[in-house]
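J.: structure here, sequence nowhere to be found:
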DNA sequence: TCTGCTATTGCAATCGATTGCAGTATCGCC
DNA sequence: GGCGATACTGCAATCGATTGCAATAGCAGA
């Protein structure tokens, strides 16, 4: 922001766009878009009643085949589109799912974590494949509580909540409702709603086992364990240590936001002090890991020889930093699919399911000591 | 995808979520959410007519202050939310803007470029601040043409089209309509619709001047100039070279998608051949630049001493790779704001404006030869 | 020719909120 | 006490599509 102050001088360049008079209404004979076609117009043109027209357009077999085709053809000719609002009102459905990206109240920043965005993309595709539109909301101006805003107002038929889910009272509240929703995140235990997420604990275990295999003995965990998912990753780390007979005080946990910057700062402030004993870092996200990597490299600490580093997520950049980042890959593809299919199932009154998706360790340069 | 085949063995773990009987309908006395409150219910409870209730809720001053407060209070007590569908139908507005991320038909991949996603976030915030909902659509299943799908069906009141805009016939077609829409991208000349974007040519110029200042003389441009924005960046590069009296054949342009992978591959395949003469690379995006950086480092080419590198966008990671990436920063904040405000203005019948936003060169390690 | 079906189509109510216009108090003032 | 103005409220139409139920026509079988 302040970065941009120097630009005040530039100002911004504004052009007046040349506009066509907008009366390019096709050939003179046809007057296509006079006002806006309604079903009634189509019915009239086809010489049938509105009800017949409606049924014909929806391909209701009770209507004579010939009639159906005729109506459909006329509708197509006039590029008639059913008014979604009217339909929604009548049918009491919106064919829309609201996706809510909830994030920290403190770091009032816009959705940023690359992983979440990747997941978001998958969800978008998946929803559209099922014929649903997607209403996106970053719960910044969230005085309005989501549930009622989207559901009671009939803006959406269901909710998908993603975003690093610190225990959110609003979600708990939703669970008391019969609102259909699913959450991306980590299972904390006995939630009353379906949670889809990676097997974070297993991920933490895999990453840590790998670090231990590489000979690391003094570890740091970078991440905020107040978040369910992160807590699970941390627990997985402890699991692995315990299994390997490593003393629990050999693992230090440093709280850290989901940004490269946070990873960088935390590393500078707390990690260097523990050198040279410290020899392994497990970061709760790739962004954090990349920040840590930067800090380490700046201080000429060899990665992975001196300190081995593993991240989480496998964002696109991970393979392209230097050294390339070892990480625990989350399967966004099946994650997005699961979220959508569970929600849809739930909307049809089925029993809600939680799913925990398998993860996979990708060993790259940042942690592989023996080639 | 194939990455995941090995996981078939894992399968996925599924839990049955324990569900409360859902009849936790508050205290026995009050029965809140029997069916679903409607305006009529509120009116009845308040002892006024529907029309009065409606006006009261909208704070229409024609209604007695006391009446208004009473109705509002009752509505609040019962957590009544106006049915958006009904309102939209009646008022013929949806208070919704559709954001369309159009992308290459060939690289059928989901929205991925970090820059676009950042922009998307800003737009989301901005829209919600103006009281609009945001309908997000990745134009993958785009047999349905956007314009009619969203506008004619009254799903949205306006369109924002972002995504690396290769000349898209669909956009041109939209311009012939009176559909309100704005586009993020580069000006190609005489568009008939408002385009908001960075001053890409200036950006290209700045980046190139900087490279030349650092002593580079043989340059490569990595990017697909069929995209307006990229073409402008390339033109800016040529501008700078010409101004500096550099022969135009000293600049080679290599077509490249918007991914780190593409940047990596192109660098491997075509850049190495031109070493050691080649001494500067200007990449059309930071992702591309990071791919190129990876390839260079793998071949032990010193950055910036041997080859200096500049990207474009200033995505979050740019500052945290090693060496940190010099880049041309686009101002997503004002970009998003401009898109929204122009669209809203246009929807109110105002003359559409195009805007070109100032950019800023950030010199970091990847190009700064003298410290 | 009459009855009973079946195949089609249309009538009219409905979804829930908004709003132009008309109706009813209430009040001031002559 | 009477009249017009002012301040509120309510009636009823409307937005555009969907759908239960009734209506009509056509046809076969008795």
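T.: Sure thing, it's come through. Here the structure is a predicted model, which is why all the values come from computation and not from measurement.

J.: list the residues that contact residue A:40.
T.: Residues near residue A:40 by C-beta atoms under 8 Å, 6 or more residues apart in numbering or on different chains: residue A:50. Any C-beta I mention is one placed from the backbone N, CA and C, and that applies to glycine too.

J.: give the next helix or strand downstream of the strand or helix carrying it.
T.: Per DSSP states H and E, residue A:40 falls inside helix A:39-46. Reading on from helix A:39-46 to the C-terminus, the next helix or strand found by DSSP H and E is helix A:50-57.

J.: and that following helix, what does it pack against?
T.: helix A:39-46, helix A:65-77 (3 or more C-beta pairs under 8 Å, 6 or more residues apart in numbering or on different chains; DSSP states H and E).

J.: could you check the angle the helix holding residue A:40 makes with helix A:65-77?
T.: 120 degrees (axes from the mean of the first three to the mean of the last three C-alpha atoms, to 10 degrees).

J.: quick one: is helix A:39-46 near DNA strand D?
T.: Yes: under the criterion of C-beta under 7 Å from any atom of the strand, DNA strand D is reached by helix A:39-46 at A:39, A:40.

J.: hang on, the earlier thing: need the helices and strands packed on helix A:50-57 in TSV with mean pLDDT and distance to DNA strand C, can you?
T.: Below are the helices and strands packed on helix A:50-57 laid out as TSV (pLDDT from 0 to 100; distance: least, C-beta to the nearest atom of the strand, whole Å):
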stretch	mean pLDDT	distance to DNA strand C
helix A:39-46	92	7
helix A:65-77	93	4
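
J.: to residue B:211, which of those helices lies closest?
T.: helix A:65-77 (54.7 Å; C-beta to C-beta).

J.: any buried residues in the closest one, and which?
T.: Neighbour counts over helix A:65-77 (16 or more other C-beta atoms under 10 Å in any protein chain shown) mark A:67, A:68, A:70, A:71, A:72, A:74, A:75 as buried.

J.: with distance to chain B added, can I get those residues in JSON lines?
T.: Converted to JSON lines, these look like this (distance: C-beta to the nearest C-beta, whole Å):
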{"residue": "A:67", "distance to chain B": "24"}
{"residue": "A:68", "distance to chain B": "21"}
{"residue": "A:70", "distance to chain B": "21"}
{"residue": "A:71", "distance to chain B": "17"}
{"residue": "A:72", "distance to chain B": "16"}
{"residue": "A:74", "distance to chain B": "16"}
{"residue": "A:75", "distance to chain B": "12"}
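
J.: which pair of the residues you listed spans the longest distance?
T.: Among those, the pair separated by the greatest distance (C-beta to C-beta) is A:67 and A:75, at 12.4 Å.

J.: hang on, residue A:312 in a helix?
T.: No: read with DSSP: H, G, I helix; E, B strand; the rest coil, residue A:312 is strand and lies in no helix.

J.: any idea how many residues pack against it?
T.: Using other C-beta atoms under 10 Å in any protein chain shown, residue A:312 has 30 neighbouring residues.

J.: who does it bridge with?
T.: Per DSSP bridges, residues listed as beta-bridge partners of residue A:312: residue A:328.

J.: contacting residues around stretch A:262-280?
T.: Contacts of stretch A:262-280 (C-beta under 8 Å, 6+ apart): A:211-212, A:214-220, A:222, A:252, A:254-256, A:281, A:283, A:287-292, A:294-296, A:299, A:301, A:306-310, A:367, B:320.

J.: keep only those of those residues that are in helices.
T.: A:211, A:212, A:287, A:288, A:289, A:290, A:291, A:292, A:294, A:295, A:296 (DSSP state H).

J.: ok, those vs DNA strand C, which is closest?
T.: Set against DNA strand C, the nearest of the ones in helices among the contacts of stretch A:262-280 by C-beta to the nearest atom of the strand is residue A:287 (43.0 Å).

J.: for the closest one, which non-adjacent residue is closest in space?
T.: Residue nearest to residue A:287 in three dimensions, not counting chain neighbours: residue A:260, with 4.8 Å by C-beta to C-beta, 6 or more residues apart in numbering or on different chains.

J.: now do the contacts for that neighbour.
T.: Taking C-beta under 8 Å, 6+ apart, one finds A:287, A:288, A:290, A:291, A:294, B:316, B:317, B:319, B:320 in contact with residue A:260.

J.: could you pull out the buried residues of the host helix or strand of residue A:203?
T.: Assigned by DSSP H and E, residue A:203 belongs to helix A:200-213. Neighbour counts over helix A:200-213 (16+ other C-beta under 10 Å) mark A:200-212 as buried.

J.: now render those residues as JSON lines, adding pLDDT and distance to DNA strand D.
T.: As requested, the buried residues of helix A:200-213 are exported to JSON lines (pLDDT from 0 to 100; distance: C-beta to the nearest atom of the strand, whole Å):
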{"residue": "A:200", "pLDDT": "95", "distance to DNA strand D": "43"}
{"residue": "A:201", "pLDDT": "95", "distance to DNA strand D": "46"}
{"residue": "A:202", "pLDDT": "97", "distance to DNA strand D": "46"}
{"residue": "A:203", "pLDDT": "97", "distance to DNA strand D": "46"}
{"residue": "A:204", "pLDDT": "97", "distance to DNA strand D": "49"}
{"residue": "A:205", "pLDDT": "97", "distance to DNA strand D": "51"}
{"residue": "A:206", "pLDDT": "97", "distance to DNA strand D": "50"}
{"residue": "A:207", "pLDDT": "97", "distance to DNA strand D": "51"}
{"residue": "A:208", "pLDDT": "97", "distance to DNA strand D": "55"}
{"residue": "A:209", "pLDDT": "96", "distance to DNA strand D": "56"}
{"residue": "A:210", "pLDDT": "97", "distance to DNA strand D": "55"}
{"residue": "A:211", "pLDDT": "96", "distance to DNA strand D": "58"}
{"residue": "A:212", "pLDDT": "95", "distance to DNA strand D": "60"}
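
J.: which two of those residues have the greatest separation?
T.: Maximum pairwise distance in the buried residues of helix A:200-213, criterion C-beta to C-beta, is 18.4 Å, between A:200 and A:212.

J.: what are the structural domain limits within chain A?
T.: The record assigns chain A these domain ranges, following automatic domain parsing: A:1-82, A:96-198+A:334-353, A:200-330.

J.: please identify the most buried of those domains.
T.: Most buried of the domains of chain A, by mean neighbour count (mean count of other C-beta atoms under 10 Å in any protein chain shown): domain A:200-330, with a mean of 22.

J.: first to last residue in that one, what's the distance?
T.: 9 Å (C-alpha to C-alpha, to the nearest Å).

J.: now do stretch A:280-292
T.: One end of stretch A:280-292 to the other measures 11 Å (C-alpha to C-alpha).

J.: mean confidence for it?
T.: Regarding stretch A:280-292, the rounded mean pLDDT is 96.

J.: then stretch A:93-101?
T.: For stretch A:93-101, mean pLDDT is 93.

J.: the host helix or strand of residue A:125 vs chain B: in contact?
T.: Following DSSP H and E, one finds residue A:125 within helix A:114-129. Yes: using C-beta under 8 Å from any C-beta of the partner chain, helix A:114-129 reaches chain B at A:114, A:117, A:118, A:121, A:122, A:124, A:125, A:128, A:129.

J.: between those, which is nearest residue B:238?
T.: Distance to residue B:238, by C-beta to C-beta, is smallest for residue A:114 among the residues of helix A:114-129 next to chain B, at 32.8 Å.

J.: separation between the closest residue in space to that closest one that isn't next to it in sequence and residue A:150?
T.: Closest residue to residue A:114 apart from its sequence neighbours, by C-beta to C-beta, 6+ apart: residue A:315 at 4.1 Å. Using C-beta to C-beta, to the nearest Å, we find residue A:315 at a distance of 29 Å from residue A:150.

J.: what's the pLDDT at the residue nearest to residue A:287?
T.: Here the pLDDT value assigned to residue A:260 is 93.

J.: tell me how far it lies from DNA strand D.
T.: 49 Å (C-beta to the nearest atom of the strand, to the nearest Å).

J.: check residue A:186 too.
T.: Taking C-beta to the nearest atom of the strand as the measure, residue A:186 falls 40 Å from DNA strand D.

J.: is it true that residue A:48 touches residue A:55?
T.: No: with contact defined as C-beta atoms under 8 Å, residue A:48 does not reach residue A:55; the gap is 9.5 Å.
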